Structure formats: structure tokens, C-alpha cells
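**Q** take a look and give me a structure for this.
(6 chains)
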Number of protein chains: 6
Amino acid sequence: MVSLRSTGPLAVGGPLSMHLAGAETNVAIGLARLGHRTAWVGRVSDDELGEFVLRQLRAEGVGTDGVRRDAERPAGLMFLERRTADVTRVRYHRAGSAGSALHTDDVAAPLAAGARVLHLTGITPALSDSARAATTFAARQAAASGATVSLDVNYRAGLWSRAAARAALTPLAGYASIVIASADELDLLAEPGADEPTAVAGLLRRGVRTVLVKLGADGARAYTHDGVQQLAAVPVTAVDTVGAGDAFTAGYLSGHLDGLDLIDRLRRAVALGAFAVTAHGDWEGLPRRDELSLLTGNAAGTTLR
Amino acid sequence: MVSLRSTGPLAVGGPLSMHLAGAETNVAIGLARLGHRTAWVGRVSDDELGEFVLRQLRAEGVGTDGVRRDAERPAGLMFLERRTADVTRVRYHRAGSAGSALHTDDVAAPLAAGARVLHLTGITPALSDSARAATTFAARQAAASGATVSLDVNYRAGLWSRAAARAALTPLAGYASIVIASADELDLLAEPGADEPTAVAGLLRRGVRTVLVKLGADGARAYTHDGVQQLAAVPVTAVDTVGAGDAFTAGYLSGHLDGLDLIDRLRRAVALGAFAVTAHGDWEGLPRRDELSLLTGNAAGTTLR
Amino acid sequence: MVSLRSTGPLAVGGPLSMHLAGAETNVAIGLARLGHRTAWVGRVSDDELGEFVLRQLRAEGVGTDGVRRDAERPAGLMFLERRTADVTRVRYHRAGSAGSALHTDDVAAPLAAGARVLHLTGITPALSDSARAATTFAARQAAASGATVSLDVNYRAGLWSRAAARAALTPLAGYASIVIASADELDLLAEPGADEPTAVAGLLRRGVRTVLVKLGADGARAYTHDGVQQLAAVPVTAVDTVGAGDAFTAGYLSGHLDGLDLIDRLRRAVALGAFAVTAHGDWEGLPRRDELSLLTGNAAGTTLR
Amino acid sequence: MVSLRSTGPLAVGGPLSMHLAGAETNVAIGLARLGHRTAWVGRVSDDELGEFVLRQLRAEGVGTDGVRRDAERPAGLMFLERRTADVTRVRYHRAGSAGSALHTDDVAAPLAAGARVLHLTGITPALSDSARAATTFAARQAAASGATVSLDVNYRAGLWSRAAARAALTPLAGYASIVIASADELDLLAEPGADEPTAVAGLLRRGVRTVLVKLGADGARAYTHDGVQQLAAVPVTAVDTVGAGDAFTAGYLSGHLDGLDLIDRLRRAVALGAFAVTAHGDWEGLPRRDELSLLTGNAAGTTLR
Amino acid sequence: MVSLRSTGPLAVGGPLSMHLAGAETNVAIGLARLGHRTAWVGRVSDDELGEFVLRQLRAEGVGTDGVRRDAERPAGLMFLERRTADVTRVRYHRAGSAGSALHTDDVAAPLAAGARVLHLTGITPALSDSARAATTFAARQAAASGATVSLDVNYRAGLWSRAAARAALTPLAGYASIVIASADELDLLAEPGADEPTAVAGLLRRGVRTVLVKLGADGARAYTHDGVQQLAAVPVTAVDTVGAGDAFTAGYLSGHLDGLDLIDRLRRAVALGAFAVTAHGDWEGLPRRDELSLLTGNAAGTTLR
Amino acid sequence: MVSLRSTGPLAVGGPLSMHLAGAETNVAIGLARLGHRTAWVGRVSDDELGEFVLRQLRAEGVGTDGVRRDAERPAGLMFLERRTADVTRVRYHRAGSAGSALHTDDVAAPLAAGARVLHLTGITPALSDSARAATTFAARQAAASGATVSLDVNYRAGLWSRAAARAALTPLAGYASIVIASADELDLLAEPGADEPTAVAGLLRRGVRTVLVKLGADGARAYTHDGVQQLAAVPVTAVDTVGAGDAFTAGYLSGHLDGLDLIDRLRRAVALGAFAVTAHGDWEGLPRRDELSLLTGNAAGTTLR
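**A** Numbering: from 1, shown residues only, chains lettered A, B, ... in the order given. Okay, the predicted model is just below:
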């Protein structure tokens, strides 16, 4: 998907900047920057905007062999309006887009190639029936093959109702080892209105190994069968919170792939979240491995070397 | 519709500028700048892009009382890519847009308010069945009420086939007093492959009073029952040809409204075409009445006053 | 008036952005965005800068029928220099401008058309003798016709002395129902050095119904014969305080026109002030009616829909 | 003076760039870049725009010791609108500016310091009575002291009538050794309607040694008592003709100061004119001495070194 | 290498844009866009500029497995100054850069992986002794393994003298099947002052199969043992000639890899040259395979689809 | 030196802005803006970047008569990357630059002209052996002639080790009357690991009259034989801390030249530091003398005059 960002109110016009956007691509880039081998699977339009998407993915070292070009449908778009210094508004143009036409056939071959981790979000199943089917298929196949399935709820009110999301995502969570949600998304994987302990307990009972609750500026909590751990966010100057959740997820999965223990996975997760909010763009500020300690310790401030 | 313009190849990214776009709005602005009272009728999205469209129309003094906001559908978009210095490519994102949902109900009330001239293009009927019905309804009503109906063929290959266009536009032309087309569009109002004299003769026989053939840098021809007149284009430095045809039409209709004779209408038409091509943007360079002579005579060059 | 804004120290150059500026136009736009019917009366130059001013007013839906073009005089200008992150400096180029030549004749006809509210500021009377006469004439006529006259002191040290301002504004306040001032401007409507209670009491005695004291980041106080009410400002990230007072006034007048009671008028006033400071530009960030709650409640942060 | 340049029609807004402007400063910069010692005498505002002017002059190595700051008056401005690709329009805001208040007192001391050449234009005397007096005073003093006085007619229709210009400039030309004019300005130094030979003959009779007639893209002619020489312009891609005449003058005066013979002075003059038109800005593209041959011979095109 | 481009004279400052640059990377990108599998071998700095270079190469699908990061040396830079509309000047900052430290060890492994074509330029051997040795080693190895070696003379006067270039490049040409040169570079592969036929004959005698002489706007000539063929350039609006030669080479090599006959290889070569000059940037405008016909036939002008 | 500034992560590209940079030039500009006569001595490249440096110095009124152009070496560069909102990274390209080739011969003549104060930094001696020799020579000569020598440690880890810096700077400090350092630089002028009191005592014993310890946001301490004084920083919104130390030094030296007592020198020093951090650029935000009180007292906020 391509995001078009304004620097002020859209209604009065002004230049827009083009960015690759998408929760799954954000996570893939976050992991690739840390040196993990990643690939993104999806559909992009067979036009210049699709080329733009592919150029950005390749630039970041994300594998694109599993990407299908769709000659019939336009690119999905998202207008990201900086309405005020504190309020950013998003408007999707995704109905009928190439990405929304994702089909089980698109994901079968890439899945067959195997992966240690499959990361899914609750956005793709909201796009269309076929995309929902493809997501479920992917989760089932990956789980069956022994891969770790990670699911970020990522509820988007503009795409579907909470009830529809719950109906689709609850079964999907059954395939997941790792579930990520913000506090107000947890009951989309449980009974309506379920509180955090109840919802988490239900997920752990259904086989989820780790439930991560994103708390924004307050950090995050991680639940496992061994209990719960909480970590504060890294204090930084936040200039753009879009993409912070995806960065958090990428950090966590990186720790998982590196075999870190839980608290260190969380530490990396909040570190990546900090990078995301302290730079403009959804993923542009994410760190390479040698930059991981840049926002902590005495490295802050201007480095003159 | 909102056009998003790049200054280079889209695939490598870069800033986009936002512009109001649309053949009919271009014509309306061209007329309004010359002091004619105009209004635009159509649907725009009920979001910030729709606000942007309305702000631009109001800024140019085009009446917007007949514009309907559509809360369900997004704004129509058009990416205008400056692929090379000589090649501009356009990609529409109009399927399912607010504009494409134009309905007969939307146009009935504004039409009832009356107008001396109703200008239509062959783009709107290509957008949807309901838009086509609305266009035909408008043409019929206006013609019945004694208004001058003007029709610019404006064939868009990306929206429909030549056969489909012919099927829709040929009957529409029956309501028109003024028909505007480029040379290769004329047979969309006649038998496939009909040459210019044949196609023109057919139109004049069917009641069209004036057929204008746009020849780009070569100027234009105007056919009436009295014969044909041709006028060369005004020699200027062309930097952006998008919108030139609409400017030409606005100039012609302005002359019509002012009661000029044919050659003077043509003169104003090619003058406006010249303004359009010698400035960036579809309509931004169009002249006010006091600027009409700016590109002719000895006024060219820098005016130091 | 046209404001030319730098993003850094003017002496080192750099691009300037053009904006419509003016205390009265800011208020008119604030009201128009909230759906009230407004018109602005004044003089603008008969050149491209004047066209720019008119385009912006029309774009915002502010009536311009009462605007007179002045073929002799240039547009008024204001350089707005971002000297440091915290210090903005303004330099006026208004002497001899079209706006400064405002004459009683210019306002007579628009006034005759009638209005529920006439809003005046203490800037216009500072521009020239004829502008001062026109302002007084307008206040007297409006008051006589039963309209609510609103007066914002808006003292500009660059235009006149405090003594001259006091001499001109004190009688003007006699026509006003609503007076708006910052705390240090109050004694311009009273004896030199009068404290707030004294100055307010004097105004209420002279027939003013409501005295609004703007306190910037501390909110505002409203005095009536029933006593005083104070409301804190909405906590937002302030990026540009220019225009905040005018936004406050627009909010208050909107509440007045909607028949809200005093505290709700104040609430709307501080809400608009918040919008003004949290966006760049004097008025660009002001809300439409459906956006009024955007900065309050749980709507802050990124809205993903 | 500060020029504010748009890149398109002013009425639709957009960013403006700030430039030092002024016929005399253009000439001074042209000479300074070629290594001649120059100084500019005039008044600038005692604010940030005045600082900007001084920074630019100093940056270019033009002496500013004779510049007087005026604490009362604002900077002179000039809006330079790129109306179309071929038409640039200029609007002055100079009435009441610091520059227009030039007084004989301002020029007396700098003149006393002595100079080989004094260059004057027909713009300054158009600004005010005191500026006209100061110009005449300077011409008389310089001529009396044996300096070469150079006068460029530079007629600006926006500042005064042809009759007024003729009345002021004709006597001024009596002090000049070098007179520069475009073909249609020559009769401002002669009887109204005088043709080129007549006007030139009159000037030579009155003591002018060289009359330079600027022909734009056609080059220039130089008349002396020995006859006339003509030189074609250097063929380049012209992107901005503003300042070309001043560049021409600077080139000629540089040749004069270097003791070149007439044809070589003309050659340098047209070379500088070529630099001026082939770069954006009034003077930014002017050459240093080592760049003089850049546009001629085989040096054109990309130099990869 | 990173090029930093100004849009005007560097001495007066202004923003610079960053671009990947380099004759070999230009050719690699040209081929990759046409769908050929390519890889670039070289050294880049182990810092953010090096990351920038790698991101761009990956974005364009050029293999980077053979790229070595150099932790000691900075990135090579090149300032590309748009001095006038017609004159672009280049200043290299390559001494001591990572790229200049290219060593035989760097190229051995990538070469061992094999390739159908090895493309070399006369720039790399000019950078340092070790780079020259590495180039020679690569040419010898590739030729020995049966690969087609292509050599573009690309003489850079700023890097070495013609004599030094001749001494290094003449033996290198001995390994080449394809030699590319501009007309004035040919004698760098022959006796000083040798004319075109003599130089070409010598090369063909020494085993070169094809000698391509680039003629800029006049097209190109191709010499083989069968004689000579010449093809005119494609007429386009040239806005930036930098990179045109590399584009030409990429086009030729693409035709070679596709097994086209000579005239069709030339046709593709001049087509790519046309794309290069009609867009800003060294390679940004190069075509994908589906765009190859964009500049020819009736596709020119705005495509509205 | 020229600094090239990004507004975000360098690896993803984007425009760079050009700035004059250099600790010594920052100090010289800071003093010149306050009205002190200053000159900068150094080498700059004999190309457009060198011209840029000279233009900026001249623009700011810093004397450039003692600047030597180096035709052999390129300009020194520094990339200043805004990595995150809080982290700025600097990468030098100074090896082999014109500036690094500073030689004793370059400084002899300018020194002979005399000066009240000679300011040196610990950066220049790090650039090369000849630059170190030139620095020492200058310090010795100036001290011998009775000038006040000021030395700012300015340790740059990218240029040399702490041990090498200590070896070079400790003797240099012997010539200094004023030494400026941040807290962690003090032991570069003493034994490794020496604490602040010990290091300061040693310097005072060796003849230094004043030791200034910069504490960033905490202000500064000044040690003399009379004891120590500390002053808090001026509270401002910091947007760019680069150059703050140099501004502090310029403020202190200005107070010294004006004959202020110690606390007032410190006051001016922290005032200039405040200006530096509250504006973008190393020196662009520094105050003129009439602006000194702009950030203190009730002048903060928008000045409408």
C-alpha cells in the first residue's frame, strides 16, 4: 500500500509525500534492518505505484519473490493527514485495490517455501472475503508445518465492525503462538467486553504461548504461562506514532528469532517502538542492528566523531 | 476529482502536488475567470479531499450549490506522472468513487434552476450506468428547456472501449448544439472509421450547430452549416498540455456567451488553449478577462511596470 | 492582507509562504468553517495579490460582495519571521496599502444589507484617518440597527501609540455589546493604568454586555453583569500562536449565534483557540463543525479508520 | 530592494523565494564577480529585510560602507510573477520605501571617496524628488571630478510617464560618457519619437562618448564618434531574462575598466548578458573572471573532470 | 558513489539532492530495469552513505552480494552543479574514498561466480593503482572464462591525463569484445591523434568484435568486421544529459544479451540514451521493458487512459 | 568547511541543505554579528564550494583577507544526519581537504597584522601535522605579541584519540589565557582521568586566566584565580544543539572585548548559547547586538508591532 502524507490539513492542499505503508511490510522491514531474512507476500498493482512498492521493499532487503502483480486493480492508498500537531487522521482507499484481492492461490507457493515465523495482522482479513480466506489458509498451513504464527490484531474501525473482526480473528488466533494487541483490542479475541486477564487467559488456554499487550507511551506487557512481565517505553521525543506498534512487533520477533529470553525480547520490542515514534514515517527510522543502542545509554544527543 | 502530480517517474517516489482536476471543472473555471456565472454539478466525497475540491471550486468562483456530498464513497483520484520531459502518464482511481456514483436525482434540481449553456463531456457517462443515465437526462432536459448543450467527446481509453463510447455518446450528441472533439474522436459520434467530413456532416444533419475539431499545436477547425473556419494555435512555450482542450472549450463557450461571431469565438478558444499549455496545472494558468491579450501582441516577455 | 512567512531568520533568506492574513478575516473564516454565513468588508489591491486574497476568502466561503478593489494602492503585507523556535516577529508593510484606504463609502452599502453581528478590531482604525472614520461609522450604524457589535482591541504597537489607540478605541467601545481584549489591553478602553476589575466595570457600565479577557495558555475570563466565569485552555501542542485570539473570538461569536449560554460560548472559544495554536498558519487549522470535538475527549492521537 | 519570486501565477499562491534585486546592485555584483572593486550607495531599511540586502551585497564583495540604514521606512519590494512560461510580470512596492528616500546627503560622502566610474540608472530618479536630486547631484559631482559616468535609461512605466522620464533623464545624460538604452528607450533622451540615428547623434553631440543600444536576443549596437559596431548575442538556452540588461552593462563597464577596445567590451557585455538569461535570478548566474569563457567555444555541455 | 546535485550555481547555496551515481551502476540499473540479471561489484563505505548506495542498488534489483563495505574510508562523492541551463559542472571527491580502494581480492570471488558479460569502464582504473590492478584482473579472468568483456572508455580529465589513460586502457581493450567510446576518446585506445577509422581498425585487429562510437545528439556508429552502421538519436526534449552514455551502453548490452542483431542492438541503445536525457537524474528515467516503445511511435504526449 | 544537513535518516535519501560550518567560523560569525571586527584564517578549496564558504563569511562580515585558496584539494565536508528527533550524527569528509592542509605559512602574514584576541580550537590541530604546527605557531606568536589566546578543546573522537589530543592540546593550552571545555574534555589538558578541580587548578597554575566549563542545558562554570562562578542556561525550546558551544564562546569573547566583568561575560555566553539551540543551523540564529535581549525578559513570544 502507498501512503500519501500531508504536513497539514488536507483540505487546504499542499504537497504530499509518498511512502510504502502496511502493517506487515513495516514488520518485515523492521526485521530485515536487523539482519533477519524476511519476505513479504501480497498483491500489488501492475503500474507505477506497484513498482514504487516493490522498489521500497527491495531497497530494504525484504524478499519480493512471493509478490503477485495484479493487472486489473489499482494500488491501495491511504491518506495520512497531519490535521493538527497532535492529531493525525487516516483515510483508506483500499476497496477494490490489488491488495484487497489477495487470494489463497497467492500465498500457497510462498508458504510452501517454508519459514520459521509467519506474521499476520487483523487488517488483511478485513479487506475482502478472499483475503480473509487466504489469511486463514496461511495461518493453518504455517502452524501445521511447525512455524511460529504471530498475529497482531490491528483493528481498523474503518474496515469492519468489532463484531465482524471478532468473528474472523478469534478462530485465526487459534493458530497463533504469539498474539499482539493493544489493551482495547483484546476482547476482539474473546467475549465482547472481556477484561484483559480474562481475554489473555482464554488465549493462553487455546494454545497461544505469548500475549503481548501494547500500552503506547506506557510500554508493554507480555503474558505467558509463567506469568506477566511489563516494561516501560524508552523515553524519547515522539514526532510520529504511526508504525510504532509494528516496530514493537518487529523487535519482539527479532528477539524471538535470536533466541532471547522474554524480557530481552520485550526490551528489543520497546526499543524499536522508540525508534519508530522518534522519526517521521512508518518505518524509515527503524534501526539496523548496529544502531540498536542508539536511543539508550549515553548515546543520545549529537555524536560528533 | 483530485489529481496528484509527480515531477518525475512515480516509481522512484518524490513529492506529489494536489490539484483539483476534471474536464468539466476545468471548463467551469475557465469561464468563471472570464467573468461568466458558472456552477458545477456533481458528487464529491464527504471527507477532506472533498473539502479540498469544494475549496478550489469556491476559490475560483464556480457555484457549488448543486454539489452533493457522498458519505459512502472516496474521492476520485488521478495520478499524473511526468514520466519524461515529453511524456505524461495518467492513471485513474475512479472506480467506486463518489463522482462515479452520480445519479439522475443529483442533477435534477440544479437543472431546474436553469442555465443558458449546459456543458457535458464524454467522461462522466463512462464512469457508471447511473452517471450515464444522469448525463443523458441532463442533456435532454436542458435541450428541452432551450439551453445550449455543449458536448466534448473527451474519449478516455482507460474507462471504456471505443465501441462502448460510441454507443453512449452518439445519442447524447443528438441533444447538443456544440460538439467538440479531437480529430481521432470524431468517429465516436459516427460510423466507426468515418472520416472528418463525413462525421461532421452527420452531426450537422442531426442538428448540431457547430462542430469544433481540436488540432492541438495546429489550432482548431470549426464547422457550421456555413462552412468551415480554421485558426492556428498561438505560439507559446508549452510546458504542460493537460487541460488544453478544456481551456479551448471554455474560451469558445465564453465567446458564445458574449455573442461573438465564429472566428472571434475560435480566437478566444485558442487563446485559452495557449494559456493552459504555457503554465503548469490543468487550469491554474487560465486568464482573467483583463489578461486575455497577455500572450498576443507585444505583451510577451517580461513586463516591468 | 497577505502574510509572508519564513521558517527561520529572515536575514539569511529562504523561501516564504503566502497566506491570507488579517484579524477580521481570521474571525470570518473561523465562523464560516462552523457553518455561519459571513462576509468580509474591506479594500484589496486590484492586482494578483488582491486576487489571492479574494481566492482564499471565497475558498473558505466568506462573502466577498462587499470587497472593494483599489486600483491605485498595493496590497498590505506582513512579514512573519520565525526568528527562533520561540520568537516570531512581525513587520508590517501597510502604510499606503489598499486596506489602509478603507473609507466610509466602502462600508455603507454592505452595512445596509444588514447582519446579526458586526465584528470590528482595533487594527483597522489604526491604519488611517479614513479607516478610523469608516470603523466608527460602521459601529454606529450597526448598533443603531440593532446588530450585536463585537470589538477586539488587538493593539498593535507598530501602528500607533497606546494613547492614540485609547483615544480612538474608547469611544468605539461605546457601540459594542462584546469586547475582547488581552489583559494588558484592557486599559486602552479605560483610564491609563486601570486594573482589570476597574476597566471591566467601566465597560459594563457603558453598555457592553460581555467583556472577554484572553489569557493565552491560561484560557480566558468572561465578565457580564452576572459576574465572571473563567475557563482553562485546552491542552495541546502549540506550534504557532498567531491567530489564536481571532480563533477564540470566532468561537465565542459562533456560540453567541447558536444561542449557547456563556460557559458553552467560552468552551467553543477556547476550543477554537486550541485548533489555532496546534496548526501552522493563522486560520488554516480551524475546525469545521464536525471537527469541534477533535481535540477533546478520546479523539486525540492518530485515528485509523 | 528585495524581490519575491513566484514559480507560477501569484493568485493561486505558492512559495516565494527572496532575492536581492535592483538594477544598480546587479551591475555592482556583475563587476565584483569579475574582480573589480565596487561599492553600492543607497538606503536600506533598518530591519531584517535590510539585513538581508546587506548580507547579499557583502557576500558578493560589493562595498557597503556608503549604505545608509533608514529606521523609518520599510524595504522596497518587487513581486516577480512567473505568469506563464513566457510571461513574467513585476509589481513594485516601492512607494515610501527606504530606497525611495535617497537624499543628496546620502551620496555626498561616498562620492567624495572617489571612483573611476559612477553608474546610474533611470530608476532611482523615478522614485522620489529627493532621489532625483541625489542622482543629479551624484552625476554632476562625478563628472566634475573626472569620473566616467554611465547611465542606463531603464525606463519603468510603472514608476513614471515617458514625458516625466524624458524631462528628468535628458539633462542627466548630459553628464554621462556612456549611455545604455534599449531601442525603444532612446527617445527618452531626445525629442519624443526621435529615431535611433537622431537620438544617438544628439547624445554624441552633447558629449556622450559611447551609446549602447541593447537588442535583447539580437545582441547590441555601440555608437561612438567613430561609427557603430554591432554584436550578436551568445546563443544559449534562456530561462530568465530579468537582469540581462544589467549584466550587459556590467560586462561593458568591466571591459572599460580593463582598457579593452570597443568590440571586446561589447563581447564581454553580451557574454554577461548570456550568463544572466541562462540562469534563474537577476544576478545569481553571473560569471567570475575564470568562468568568462564558459558559454563560448567548446566548453558548453557537461564538464566531467 | 553518491552524487549531490544542485539546481543552480553552487556558490550561492541551495538544496542538494542525493543520487546513486557511477557509470557502472548506471549500466547495471539500465540492464536490471529491462529484466536482465545483473550484479555490481565494488566497495562502498560502511556508513549511512554506503547504506544509501546499497538501498538504491537493491531497489533497482541489482545484485549486491559482491559489494564490500569499507570501514576505513568515506563514500566517494560527486557534486553536480547546474551552473547554467546549458552547462553542468562536476567536481569529484573520490580521492581516498572506499570505491577508490577497490582491490583484486574484492573482485575475485564475484568473478568466480561467473557471468555472461562483464562491463568495465575507464573510470575505475583511474581511481588508484589497486583499482587499476583489480580492473585488469577482472578483464583477464572474464575473458579467459569466455565471458563477453565490454569496456566503455569514459575518460575523465579530472582523474588522470590522456597519456596515463592511454597507457592503462590500451592493454585493457585487449580483453574486450565490445568497446564503447565517444569520438574524441577513440585515440585513447590507439596512437595519440589517431583518427576514427585508424583507431577502430586497430581495435578490430586486436580482437574487439564491436566498436561503438557515441555521437550524442547525432546518435551512434557501430563498427564490426562487417563494416559500419549508424543510427540517429531519438528526437526528445533533453533535460539532463548526464548518464546518457551509460544508458546507451546498457541498451546495447541488453540487445546483445537478447541476441538481437546489430542494428536492433543500436536501436535499443539509442532508445535508452533518449530516456536518459529526457529525465532528470543519471538513471532514474530509464525504461522497464514494457516502456521501451514509450518515446517512439505515436505514444508521445500525454496518455490519458 | 561545508556541512550537508539531512532532515531525516541519510540512508533513505532526501534533500540536503548546505551550510558553512566550522567551530572557528561559528565563533567569528557570533562575534561579527555583535559588531566586533573579526577575521578568519584558513584554507578553502579553489572551487565552487570554496566560493560558497567565502560568500557566507563575507555575508556575515567576517574578514577573509587571510584566507588562502587551495587549488589542489577539495573542500572539507561534514554530513549532519538527523537520525531521530533526538539524535544527530556527524560524519566528516576532511581527510585530504583544503582545510586540513593548513600550513604555518598560511597563518604568518595574517598574524603579523595583529589582533586583540586569537581564538583556536582543538579541531584544527587534529587535521594534519602541518595544521597542528600552524596552530602552535599561531598560539605562540599571538601570545608573544600580547594578544589574548582563547582555546576551545572541542574534542572530536572521529579525528584522533584522546591520548593524541592530550599530547597536542596540553602544550597548546600553555599559550592560552582563556580555555573552554566541556566537563568531559577537561582531562585532555591534564592527566588522564583528572577531575574538574584538579584539571582546572593545573591550567590556572600554568597561566590560564579563565577556564570555562560548558554544561549544556545546565549552563556553565567559570574558574579564575578568584574562584568559580556558575550560571544557568536560558530556558528556551532547543531545536538544534549543534554550534551551541561555539556560540557560548563567541558570547564570552564578546563580553571580554567589551570589558564586561566575569558574570556579565558568562551571561552573554549563555545568551548566545540559547540563540544557537533555538534555531536550526550552527550559527544562523545568532543575535545581532540589538537582539541580545530577545530571549530574556518579556520579549519572548510573538512580537506584533
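
**Q** CA atoms of stretch A:133-151 as PDB?
**A** Provided in PDB are the C-alpha atoms of stretch A:133-151 (Å, rounded to 0.1, in the frame of the first residue of the first chain):
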ATOM      1  CA  ALA A 133      -9.700 -17.000   3.300                       C
ATOM      2  CA  ALA A 134      -6.000 -16.500   2.300                       C
ATOM      3  CA  THR A 135      -5.100 -15.400   5.800                       C
ATOM      4  CA  THR A 136      -6.700 -18.300   7.400                       C
ATOM      5  CA  PHE A 137      -5.200 -20.700   4.900                       C
ATOM      6  CA  ALA A 138      -1.800 -19.300   5.600                       C
ATOM      7  CA  ALA A 139      -2.100 -19.500   9.300                       C
ATOM      8  CA  ARG A 140      -3.300 -23.100   9.200                       C
ATOM      9  CA  GLN A 141      -0.600 -24.200   6.800                       C
ATOM     10  CA  ALA A 142       2.200 -22.500   8.700                       C
ATOM     11  CA  ALA A 143       1.000 -23.800  12.100                       C
ATOM     12  CA  ALA A 144       0.800 -27.300  10.600                       C
ATOM     13  CA  SER A 145       4.300 -27.100   9.300                       C
ATOM     14  CA  GLY A 146       5.600 -26.100  12.700                       C
ATOM     15  CA  ALA A 147       6.200 -22.500  12.000                       C
ATOM     16  CA  THR A 148       5.600 -19.900  14.700                       C
ATOM     17  CA  VAL A 149       2.500 -17.900  13.800                       C
ATOM     18  CA  SER A 150       2.300 -14.400  15.000                       C
ATOM     19  CA  LEU A 151      -0.900 -12.300  14.900                       C
END
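
**Q** helix/strand/coil for the closest residue to chain C within chain A?
**A** Using C-beta to the nearest C-beta, the closest approach of chain A to chain C is made by A:Gly158 at 3.3 Å. No exception for glycine: its C-beta is placed from N, CA and C like everyone else's. What DSSP: H, G, I helix; E, B strand; the rest coil gives for A:Gly158 is coil.

**Q** from what I see, it and A:Arg89 are in contact.
**A** No: applying C-beta atoms under 8 Å, one finds A:Gly158 not in contact with A:Arg89, separated by 10.5 Å.

**Q** compare those two (neighbour count), which wins?
**A** A:Arg89 (22 against 13; other C-beta atoms under 10 Å in any protein chain shown).

**Q** now the residue in the stretch 51-200 of chain A that chain B sits nearest to: which helix or strand?
**A** Nearest residue of the stretch 51-200 of chain A to chain B: A:Glu51, at 3.7 Å (C-beta to the nearest C-beta). Per DSSP states H and E, A:Glu51 falls inside helix A:48-59.

**Q** now A:Arg69
**A** Counting by DSSP H and E, A:Arg69 is part of strand A:67-70.

**Q** also A:Arg265?
**A** Using DSSP H and E, A:Arg265 sits in helix A:262-277.

**Q** picking up where we left off before, spatially, what comes nearest to the residue of the stretch 51-200 of chain A closest to chain B if we skip its sequence neighbours?
**A** Leaving aside its sequence neighbours, A:Glu51 sits nearest to B:Ala11 (C-beta to C-beta, 6 or more residues apart in numbering or on different chains; 3.7 Å).

**Q** confirm the one you found sits in a strand?
**A** No: the assignment for B:Ala11, made by three-state DSSP, is helix rather than a strand.

**Q** which ones are touching it?
**A** B:Ala11 sits next to A:Glu48, A:Glu51, A:Phe52, A:Arg55 when contact means C-beta atoms under 8 Å, 6 or more residues apart in numbering or on different chains.

**Q** who's in contact with the helix or strand where A:Val211 lies?
**A** Element membership of A:Val211, judged by DSSP H and E, is strand A:210-214. Applying C-beta under 8 Å, 6+ apart, the contact partners of strand A:210-214 are A:177-183, A:186, A:196, A:200, A:203-204, A:220-224, A:245, A:248-249, A:252, A:262, A:266, A:269, A:273.

**Q** mind doing that once more with 6 Å?
**A** A:178-180, A:182-183, A:200, A:203, A:220-224, A:245, A:248 (C-beta atoms under 6 Å, 6 or more residues apart in numbering or on different chains).

**Q** ok, which pair from these is furthest apart?
**A** Pairwise distances across the contacts of strand A:210-214 (C-beta to C-beta) peak at 19.8 Å, for the pair A:Thr224 and A:Gly245.

**Q** out of the two, which sits in the busier spot?
**A** A:Gly245 (27 against 15).

**Q** pLDDT score for the residue of the stretch 51-200 of chain A closest to chain B?
**A** The confidence metric pLDDT takes the value 98 at A:Glu51.

**Q** helix, strand, or coil at the closest residue to A:Asp240 other than its chain neighbours?
**A** Once flanking residues are discounted, A:Asp240 sits nearest to A:His280: 4.9 Å by C-beta to C-beta, 6+ apart. Secondary structure state of A:His280, per three-state DSSP, is coil.

**Q** A:His280 touches A:Ala238, doesn't it?
**A** No: using C-beta atoms under 6 Å, A:His280 makes no contact with A:Ala238, being 11.0 Å away.

**Q** of those two, who's got more company?
**A** A:His280 (20 against 17).

**Q** does A:Thr198 belong to a helix or a strand, and which?
**A** Taking DSSP H and E as the definition, one finds A:Thr198 inside helix A:196-205.

**Q** can you get me a residue count around the residue lying closest to A:Ala85 once chain neighbours are set aside?
**A** Spatial nearest neighbour of A:Ala85, chain neighbours left out: C:Thr237 (4.1 Å); criterion: C-beta to C-beta, 6+ apart. Residues lying near C:Thr237 (other C-beta under 10 Å) number 11.

**Q** what sits against C:Thr237?
**A** Counting by C-beta under 6 Å, 6+ apart, C:Thr237 touches A:Ala85, A:Asp86, C:Thr278.

**Q** may I ask which of these has the most neighbours?
**A** The most neighbours of any of these, using other C-beta under 10 Å, belong to C:Thr278, which has 23 neighbours.

**Q** for that residue, give me its contacts.
**A** Remark: with contacts taken as C-beta under 6 Å, 6+ apart, C:Thr278 is in contact with A:Thr84, A:Ala85, C:Val236, C:Thr237.
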